[in-house]
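S.K.: just coords:
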Ligand code: PEP
């Protein structure tokens, strides 16, 4: 069975003084052994990573970055390398989030390169794919997702340390969510693509998260889908109460 992941993406939100209270109230609403059934990740702004890692040191919560630069070092003002993240104990990162593709000119090529560098450096990438509203309406969702997934897999030799997130761009931060079936269909399509490049067994072990206005009210239906292995959650991860409700929903569904 694939262990589900609930990953919060704080985007450009949050300050250090808020962190202790946030994690305290998140954890106090969870059952004692929640981490046996669900993996919880927070992708935070760079300024919060160090303190969050210290605060979560004795808890099973994983702290992640939202991006890396694909180069090792050098004249790339404002950027952070994989080695710099490892230096502060961060070993998971989002790659190719649609906001980075949309506003910061990330391309399939740069995403592919970043995934390759992450894996080489022992950083686990959560690589994001998803179609825009226009692409969905013109019926090219599968073409777009196939192109993006193929780029991600180009530099992957071993799937063990990769997570993919399907995030339809039209559902991110809009309040619109893909229906459970729509999302599951794309997840199943992604798993098939992965099986073609690797094999069935490895594809069955790959975790594919859904992202796009996931919240306490809809997480249950999404998590019940065969190919949905958790959520990448923006807005609802900023509220400890909402996010703990989502983790609890996953514990109930997956708990032994
Ligand atoms: C995201 O940031 O990846 C995301 C899915 O945001 P939201 O949940 O707010 O739509």
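M.R.: Yes, it's here. Bear in mind that the values here come from a model prediction, so they are computed numbers and not experimental data. Numbers count the residues shown, from 1 in each chain.
S.K.: quick check: residues of the stretch 151-256 of the chain near the ligand?
M.R.: Within the stretch 151-256 of the chain, the positions near the ligand by C-beta under 6 Å from any ligand atom are 167, 172-173, 211-214, 232-235. C-beta coordinates here come from the backbone N, C-alpha and C atoms, glycine included.
S.K.: ok, of those residues, which one's closest to the ligand?
M.R.: Distance to the ligand, by C-beta to the nearest ligand atom, is smallest for residue 234 among these, at 2.2 Å.
S.K.: which ones are touching the nearest residue to the closest one once chain neighbours are set aside?
M.R.: In space, and not counting its chain neighbours, residue 234 is closest to residue 9: 5.0 Å by C-beta to C-beta, 6 or more residues apart in numbering. Residue 9 sits next to 43, 66, 94, 97, 211, 232-234, 237 when contact means C-beta atoms under 8 Å, 6 or more residues apart in numbering.
S.K.: if you set the cut-off to 10 Å instead, what comes out?
M.R.: 41-44, 64, 66, 94, 97, 99, 126, 128, 165, 167, 172, 211, 232-235, 237-238 (C-beta atoms under 10 Å, 6 or more residues apart in numbering).
S.K.: got the phi/psi numbers for it?
M.R.: phi -120, psi 110 (degrees, to the nearest 10).
S.K.: and it, what pLDDT?
M.R.: The model reports residue 9 with a pLDDT of 98.
S.K.: okay, helices next: where are they in this protein?
M.R.: 19-28, 46-55, 82-87, 98-103, 108-121, 133-137, 141-154, 180-197, 200-205, 216-223, 240-254 (DSSP state H).
S.K.: end-to-end on stretch 170-183?
M.R.: Start-to-end span of stretch 170-183 (C-alpha to C-alpha, to the nearest Å) is 12 Å.
S.K.: try stretch 132-152
M.R.: First-to-last distance for stretch 132-152 - C-alpha to C-alpha - comes to 18 Å.
S.K.: what residues does the stretch 1-150 of the chain put near the ligand?
M.R.: Counting by C-beta under 6 Å from any ligand atom, the stretch 1-150 of the chain sits next to the ligand at 9, 11.
S.K.: check the stretch 1-150 of the chain for the residue nearest the ligand and tell me.
M.R.: residue 9 (4.1 Å).
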